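Undergrad: Return atomic coordinates for the entry below.
(4 chains)
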There are 2 protein chains.
Amino acid sequence: MRRFRGEAGNKVDTKGRVSIPAPFRRVIEEGDPDWSVGLNPNFVIVYGRRNTKCLEGYSLKSMDDVDNLVSRLPRYSKDRETLERLLNAQSVYAQVDENGRIVLSPKLREISNITDKATFVGMGDKFQIWEPDNYIQDMALMNKRLSDNNLEEEIYSLLDYKENNDRKI
Amino acid sequence: MRRFRGEAGNKVDTKGRVSIPAPFRRVIEEGDPDWSVGLNPNFVIVYGRRNTKCLEGYSLKSMDDVDNLVSRLPRYSKDRETLERLLNAQSVYAQVDENGRIVLSPKLREISNITDKATFVGMGDKFQIWEPDNYIQDMALMNKRLSDNNLEEEIYSLLDYKENNDRKI
DNA sequence: TTTAATAACATGGGAAATTATGGAAATCAA
DNA sequence: TTGATTTCCATAATTTCCCATGTTATTAAA
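TA: Below you'll find the predicted structure:
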């Protein structure tokens, strides 16, 4: 399964229209079980992300994965209802049009601070949509955290998890 | 599994096209589960490597291993999102064309300082793409570190690490 | 073992398709 | 009707695809 990779900056016009980067479209198409050549693929935009001023796009398949994780929590539990609020209530379906664009509603633009430009950021099984300056700040913050705490190597060492595990077994 | 080995310098034309050294292509092909003779293999270029001004190429298989490790970290955790920024956001898919070339986008060329020449460096399960002079400098730096600290022999002794570890278990 | 023939490789240029984006017409809702 | 939204069309710039060529490596033949 192809993943969302890379960063791209696109214009947002006065109607809120913005092009989805072509590589992202391929992933969205692949992740929509009903899609076939010539059709307009659907996906989900989640705007309930707290502490992070961005929108998140999920392919239908990966949204399904997340929903299934939520479903494993006990019905009517506070945690489950909270997650359903954040992931289901605060999200919308979006359809890519024949020109490869979507429309960001005024509400979505307001939440994300996006006016005339948007930065798309691949995050594997999802992607983020940022107001460009906010994204730069967020990246700077991340890089600062990495260098201030000398986390560079440590972060990558998280990737040794599997090996370590294998040794223990 | 074949590994990336050796160094090679190739031209980069005005469109950003550059030939992947043939031996590297064999590894890329082998590492793309969808590849078969006559098809164009895909791989991943990571450009988010901090403190190192080069691009890194991963076969789909080895990138997939990395992605699977990331996926084991809790969703929305800081560590996971950081790794996704470094590995997913700061990377792109690349496809080798029928002539054995890829296109380095203006962005990739800017990040790596590459203009009209590129040096390909085999690193086992990945390879690096350097601006030739930067690579020479990096090699010089590495050699200096080795001689300044008299590490020439010691460095090889690190290879016994795994064995020692096994003994302890 | 030298020479000829063939294949593979690195590189250049142009044609064709795709992408991002703007605007106009058509549709819908109030 | 009128404002908003959606659909459709147009276009410039980019990216991809296809073909051509000189060069190097490999194989086959003498």
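Undergrad: so where does the nearest residue to residue A:88 once chain neighbours are set aside fall, helix or strand?
TA: With C-beta to C-beta, 6 or more residues apart in numbering or on different chains as the criterion, residue A:88 has its nearest non-adjacent residue at 7.6 Å, and that residue is residue A:67. The C-beta positions use only the backbone N, C-alpha and C, and glycine is treated the same way. According to DSSP states H and E, residue A:67 maps onto helix A:60-71.
Undergrad: can you check residue A:10 too?
TA: Residue A:10 belongs to strand A:7-11, assigned by DSSP H and E.
Undergrad: Now do the buried residues in that strand.
TA: A:7-8, A:10 (16 or more other C-beta atoms under 10 Å in any protein chain shown).
Undergrad: which among these gets closest to DNA strand C?
TA: residue A:10 (3.2 Å; C-beta to the nearest atom of the strand).
Undergrad: Across the sheet, point out what pairs with that closest one.
TA: On the basis of DSSP bridges, residue A:10 is bridged to residue A:118.
Undergrad: if I read this right, it contacts residue A:120, doesn't it?
TA: Yes - the pair residue A:10 / residue A:120 is scored as a contact, 6.8 Å apart, by C-beta atoms under 8 Å.
Undergrad: Please list the residues of chain A that sit near DNA strand D.
TA: A:15, A:97-99, A:103, A:105-106 (C-beta under 7 Å from any atom of the strand).
Undergrad: For those, pick the one with the most neighbours.
TA: Within the residues of chain A next to DNA strand D, residue A:103 tops the neighbour count with 16 neighbours, counted by other C-beta atoms under 10 Å in any protein chain shown.
Undergrad: so who does that one touch?
TA: A:15-18 (C-beta atoms under 8 Å, 6 or more residues apart in numbering or on different chains).
Undergrad: And it, how far from residue A:35?
TA: 19 Å (C-beta to C-beta, to the nearest Å).
Undergrad: Secondary structure of residue A:127: a strand, I assume?
TA: Yes - according to DSSP: H, G, I helix; E, B strand; the rest coil, residue A:127 belongs to a strand.
Undergrad: near chain B, which residues of chain A show up?
TA: Within chain A, the positions lying close to chain B (C-beta under 8 Å from any C-beta of the partner chain) are A:2-7, A:23, A:66, A:69, A:121-125, A:139, A:142-143, A:145-146, A:152, A:155, A:158-159, A:161-162, A:167-168.
Undergrad: pLDDT weak spots in chain A?
TA: Chain A contains residues with pLDDT under 70 at A:161-169.
Undergrad: got the residue ranges for the strands in it?
TA: A:7-11, A:17-19, A:42-46, A:55-59, A:91-95, A:101-103, A:117-122, A:126-130 (DSSP state E).
Undergrad: who wins for proximity to residue B:77 among the ones you listed?
TA: Closest approach to residue B:77 among those (C-beta to C-beta): strand A:126-130, 14.1 Å.
Undergrad: neighbours around residue A:109, how many?
TA: Counted with other C-beta under 10 Å, residue A:109 comes out at 19.
Undergrad: ok, now which ones touch the nearest residue to it once chain neighbours are set aside?
TA: Nearest residue to residue A:109, sequence neighbours excluded (C-beta to C-beta, 6+ apart): residue A:16, at 6.1 Å. Going by C-beta under 8 Å, 6+ apart, residue A:16 touches A:103-106, A:108-109.
Undergrad: same check, this time on residue A:146
TA: When contacts are counted by C-beta under 8 Å, 6+ apart, residue A:146 is found next to A:152, A:155, B:50, B:82.
Undergrad: same question, residue A:69
TA: Contacts of residue A:69 (C-beta under 8 Å, 6+ apart): residue B:75.
Undergrad: cool, residue A:57 as well?
TA: A:4, A:24, A:28, A:43-46, A:94, A:126-129.
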